[in-house]
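> I need the structure of the sequence given here:
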Amino acid sequence: MGTICMMTNCEQKLTPGMESQTPGFRDERIDSVKFWLVFLVIAAHVTMRKEFADSVACAVLWNWMNVFIMPLFIFISGYFSRKKDKKDFWPGIWKLLEPLVVFQVVALLFYGKPLTIKSILTPWYMLWYLLSLVCWRLLLQVVPDKILSHAKLILAGMFCVSLLIGFVPFFGRALSLQRTFSMMPFFFLGYFMKGRNLYLPDKYKPLCMLFLTGILAIASLFFHHRINDLYYATPYQSIHGAAIRMISFALAVPMSIAFVNVFCKPKWAARQGKMTLQYYIFHALVIP
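Next comes the predicted model:
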């Protein structure tokens, strides 16, 4: 992602079986996936509107989408992130902070948010992702390569932190702290997967579709209300929140793999996928 690693002009090209990140080229498959992901993000926000508060179908779809949408977004962010020289690093950080500041001001001025220290420090709506991405990239930049070489230990520790952070009552929406810590493992999982093939042979595509459909069917049978712990935005509502997070983590990876391999082909989607940052940011003005 350029401005947002998975949502802007990341000039990368992946080759089958071996992802080579050659400047000047794009991977249309990833662009296609990005388009469908941002489409589902917008759909998830539509289902949250009060008109659909009592809809079981919307609740089921919301639960299904939130298991893997943001983990996959964040994974691709990490996949295309790298350490940079200072002169290249800070302009990239500013490109994330600029829309964050602008739209936070818009929210405070035009959407009736009270002007308090808490409201100023709490990212509005979808802006939490920009702030969290800044934090993850800053962390990646400052952690020594010697430590980053222990990928398995780092990931194991981060997933433990992600599970435990839900018990910390004062880490909530302010500064996007809860989401930053909760979803950080997916960013670094993507970073450590850099250069590896993300695609299965086409013969497995029907199985991937069947798997995604099967999870949706199970959700429709057992989960008829919105599972708020899938927000990752606030501490657990009960001890069951930790179990829900563990289950969602276990499902997020295979569902993401299946989604990437099902929705990685159409060229028209790839063209739209180059503009997903605009879709992501501006849809909040249309679907408040």
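> list the helices and strands the helix or strand of the chain with the lowest mean pLDDT packs on?
Every helix and strand in the chain was compared by mean pLDDT, DSSP states H and E; the lowest is helix 276-286, with a mean of 75. Packed against helix 276-286 by the contact rule (3 or more C-beta pairs under 8 Å, 6 or more residues apart in numbering; DSSP states H and E) you find helix 28-47, helix 86-110. The way it works is simple: take the backbone N, C-alpha and C, and place the C-beta from them, glycine included.
> what angle do the longest one and helix 276-286 make?
To tie it back to what came earlier, the one meant is helix 86-110. Angle between the axes of helix 86-110 and helix 276-286 is 10 degrees (criterion: axes from the mean of the first three to the mean of the last three C-alpha atoms, to 10 degrees).
> Can you give the contact residues for helix 86-110?
2-4, 83-84, 113, 115, 119-120, 123-125, 127, 130-131, 133-134, 137-138, 141, 277, 281, 284-285 (C-beta atoms under 8 Å, 6 or more residues apart in numbering).
> so what does the next helix-or-strand element following it touch, helix or strand wise?
On the C-terminal side of helix 86-110, the closest following helix or strand by DSSP states H and E is helix 117-121. Contact here means 3+ C-beta pairs under 8 Å, 6+ apart; on that basis helix 117-121 packs against helix 86-110.
> So which bits of the least confident helix or strand of the chain are buried?
276-277, 279-281, 283-284 (16 or more other C-beta atoms under 10 Å).
> now it and helix 28-47, what's the angle there?
Using the same axes, to 10 degrees: helix 276-286 against helix 28-47 is 10 degrees.
> Need the nearest residue in space to the residue positioned nearest the centre of the chain, chain neighbours excluded.
Central residue of the chain (C-alpha atoms, centre = their mean): M70, 2.8 Å from the mean position. Once flanking residues are discounted, M70 sits nearest to M183: 6.4 Å by C-beta to C-beta, 6 or more residues apart in numbering.
> Go ahead and confirm N261 touches Y199.
Yes - with contact defined as C-beta atoms under 8 Å, N261 counts as touching Y199 (6.0 Å).
> So for these two, which sits in the more crowded spot?
Neighbours were counted for N261 and for Y199 using other C-beta atoms under 10 Å; N261 has more, 21 against 17.
> Which strands and helices lie in contact with whichever helix or strand that one is part of?
Using DSSP H and E, N261 sits within helix 240-262. In this structure, helix 240-262 packs against helix 28-47, helix 56-79, helix 151-164, helix 177-192, helix 205-222, with contacts taken as 3+ C-beta pairs under 8 Å, 6+ apart.
> In TSV, list the ones you listed along with mean pLDDT.
Formatted as TSV, the helices and strands packed on helix 240-262 follow (pLDDT from 0 to 100):
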stretch	mean pLDDT
helix 28-47	90
helix 56-79	94
helix 151-164	96
helix 177-192	96
helix 205-222	95
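> Going through the contacts of helix 86-110, which ones are buried?
3-4, 123-125, 127, 130-131, 133-134, 137, 141, 277, 281, 284.
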